[in-house]
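Peer 1: would you be able to build a 3D model of this:
(2 chains)
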There are 2 protein chains.
Amino acid sequence: MSKGDKVEVLDFWASPFCARVKVALEEKGVNYVASEEDLFGGKSELLLKSNPIHQKVPVLLHNDKPLAESSIIVSYIDEVWSSNPLLPTLAYDRAQARFWTDYIDKKVFETGRSIWGSNGEEREVGTRDFIEVLKHLEEALGEKDYFGGDAFGYVDIIAIGHSAWFLAYEKLGGFKVEDHSPKISAWIKRSLQRESVAKVLPDPEKVYQFVLHFRKMLGLE
Amino acid sequence: MSKGDKVEVLDFWASPFCARVKVALEEKGVNYVASEEDLFGGKSELLLKSNPIHQKVPVLLHNDKPLAESSIIVSYIDEVWSSNPLLPTLAYDRAQARFWTDYIDKKVFETGRSIWGSNGEEREVGTRDFIEVLKHLEEALGEKDYFGGDAFGYVDIIAIGHSAWFLAYEKLGGFKVEDHSPKISAWIKRSLQRESVAKVLPDPEKVYQFVLHFRKMLGLE
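Peer 2: Predicted coordinates:
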């Protein structure tokens, strides 16, 4: 791709899905503009036109051509800016990376939401479910530094955005990620030492305040 | 890949997800054994060991190495048996194919289930939702012969397995796919003329009888 590429992310600061796209662009050294969407006040015409089916962030506009769905966008970024590959080379390893991406996509945010989006028994069930998900991820990580092995790769990018919400889950669910999955906890600290991740991820305390505010809007507080 | 490859599919005859894997293998001319799982009587040890997280069919065993999640397996098949490619060549087109795959994965079976897995008002809502999904797919297909363009490709394989369930949705939902999405209806007929699809897809009438039987088991009839 040429240096003249125009790359824009339709973004929301707290979104773990937007974080993936921005971390991937940072890892590839791609210059981009992040345009903050007002998800509560009214989405932009550009967002509605670019992602008519889901009407969600993130959208990547690459030379004005829109792409939606964060894990698909990260694959696209990996294919287009092919130096410093994020997905593994071998087909079997790629399939495993896609398996864990799919697992994270189906489970992490949903079980997290069942903690912060509820109260009482429902929240207790959500907390147990989330801890179960963490344990599966802990097993997938195993003794490796990163999900990608020695190098920070595709699954790491998919997963790390969620970690900025973990403080909110911990405070509302009454548990510590570290107590249940020390390897995941160490992996988060290790990943946060990367410039790409440190630059992109929001402050977990700010996310927690946002979640509390959102809970009030939903009548949960 | 060598001709000595051992390829096994842990299968269930009526599963639209298993159908994808088998159609992809047929399209690539790969010899395989389909091992029918007894999903109601008891899953095999091999299935539980090969897909411990989801414990679902299909599983592809390629030289005894297991892979799970049907759309990921179809990607893997496309990468390993690389002649006659299923995914488009250009990164943008690949991302679009993955977008529609994701849409189909999230919507078609779920809205279909809300038709056959319910009664009364819930079923009416399900029927409306399913018809809405069909309309989105009709737009995505547009004037093309296949989702892949002139050639039967990745998204066609992802979508076609579901079509064997459409008769059941029509009969239980009281509508005709053809009335709402004539292009999808023509695409199904066109796709069924392919040897790979005709060989793999179950008889829609048999699927309908299976669905009725399953509804009885669930206390819905």
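Peer 1: neighbours of residue A:70, how many?
Peer 2: The local packing of residue A:70 (other Cβ atoms under 10 Å in any protein chain shown) involves 26 other residues. C-beta: built from backbone N, CA, C; applies to glycine.
Peer 1: that one contacts residue A:58, correct?
Peer 2: Yes - the criterion here is Cβ atoms under 8 Å, and residue A:70 meets it with residue A:58 at 5.5 Å.
Peer 1: need the overlap of contacts for the two.
Peer 2: Residues within reach of residue A:70 and of residue A:58 at once, by Cβ atoms under 8 Å, 6 or more residues apart in numbering or on different chains, are A:17-18, A:20-21.
Peer 1: among those, name the ones in helices.
Peer 2: Of the positions in the shared contacts of residue A:70 and residue A:58, A:17-18, A:20-21 sit in helices, assigned by DSSP state H.
Peer 1: if you rank those by neighbours, which is first?
Peer 2: Neighbour counts for these peak at residue A:21, which has 30 neighbours (criterion: other Cβ under 10 Å).
Peer 1: state the distance from that residue to residue B:167.
Peer 2: Summarising the geometry, the distance separating residue A:21 from residue B:167, computed by Cβ to Cβ, to the nearest Å, is 41 Å.
Peer 1: okay, strands next: where are they in chain A?
Peer 2: Using DSSP state E, the strands of chain A run over A:7-11, A:33-36, A:59-62, A:65-68.
Peer 1: please identify the most buried of these.
Peer 2: With neighbours defined as mean count of other Cβ atoms under 10 Å in any protein chain shown, those peak in mean count at strand A:59-62, which reaches a mean of 24.
Peer 1: avg pLDDT for that strand?
Peer 2: In this model, strand A:59-62 has a mean pLDDT of 98.
Peer 1: which elements pack onto it?
Peer 2: For strand A:59-62, the packing partners by 3 or more Cβ pairs under 8 Å, 6 or more residues apart in numbering or on different chains; DSSP states H and E come out as strand A:7-11, helix A:45-50, strand A:65-68, helix A:70-80.
Peer 1: can you redo the ones you listed as JSON lines with mean pLDDT and distance to residue B:219?
Peer 2: Formatted as JSON lines, the entries for the helices and strands packed on strand A:59-62 read as follows, by pLDDT from 0 to 100; distance: least, Cβ to Cβ, whole Å:
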{"stretch": "strand A:7-11", "mean pLDDT": "98", "distance to residue B:219": "46"}
{"stretch": "helix A:45-50", "mean pLDDT": "97", "distance to residue B:219": "42"}
{"stretch": "strand A:65-68", "mean pLDDT": "98", "distance to residue B:219": "40"}
{"stretch": "helix A:70-80", "mean pLDDT": "98", "distance to residue B:219": "38"}
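Peer 1: got JSON lines for the ones you listed, with distance to chain B too?
Peer 2: As requested, the helices and strands packed on strand A:59-62 are exported to JSON lines (distance: least, Cβ to the nearest Cβ, whole Å):
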{"stretch": "strand A:7-11", "distance to chain B": "13"}
{"stretch": "helix A:45-50", "distance to chain B": "12"}
{"stretch": "strand A:65-68", "distance to chain B": "5"}
{"stretch": "helix A:70-80", "distance to chain B": "4"}
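Peer 1: now render the ones you listed as JSON lines, adding distance to residue A:200.
Peer 2: Below are these laid out as JSON lines (distance: least, Cβ to Cβ, whole Å):
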{"stretch": "strand A:7-11", "distance to residue A:200": "10"}
{"stretch": "helix A:45-50", "distance to residue A:200": "20"}
{"stretch": "strand A:65-68", "distance to residue A:200": "18"}
{"stretch": "helix A:70-80", "distance to residue A:200": "13"}
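Peer 1: could you report the pLDDT at residue A:153?
Peer 2: Each residue has a pLDDT score; the one for residue A:153 is 97.
Peer 1: ok, the closest residue to it other than its chain neighbours - contacts?
Peer 2: Setting aside the residues directly before and after it, residue A:153 is nearest to residue A:86 in space (Cβ to Cβ, 6 or more residues apart in numbering or on different chains), at 5.0 Å. Residue A:86 sits next to A:24, A:27, A:74, A:77-78, A:148, A:153-154, A:157 when contact means Cβ under 8 Å, 6+ apart.
Peer 1: how close does residue A:165 sit to chain B?
Peer 2: Using Cβ to the nearest Cβ, to the nearest Å, one obtains 22 Å as the distance from residue A:165 to chain B.
Peer 1: about what we covered before: give me the buried entries from the contacts of residue A:86.
Peer 2: Under a neighbour-count criterion of 16 or more other Cβ atoms under 10 Å in any protein chain shown, the subset of the contacts of residue A:86 counted as buried comprises A:24, A:27, A:74, A:77-78, A:148, A:153-154, A:157.
Peer 1: and the furthest pair within those residues?
Peer 2: Across these, no pair lies farther apart than A:77 and A:148, at 15.1 Å, counting by Cβ to Cβ.
Peer 1: up against chain B, what does chain A have?
Peer 2: Taking Cβ under 8 Å from any Cβ of the partner chain, the part of chain A that reaches chain B is made up of A:53, A:62, A:65, A:67-69, A:72-73, A:75-76, A:79-80, A:91-92, A:94-95, A:98-99, A:102-103, A:136.
Peer 1: swap in 6 Å and give it another go.
Peer 2: A:67, A:69, A:72, A:76, A:79-80, A:91, A:95, A:98-99, A:102 (Cβ under 6 Å from any Cβ of the partner chain).
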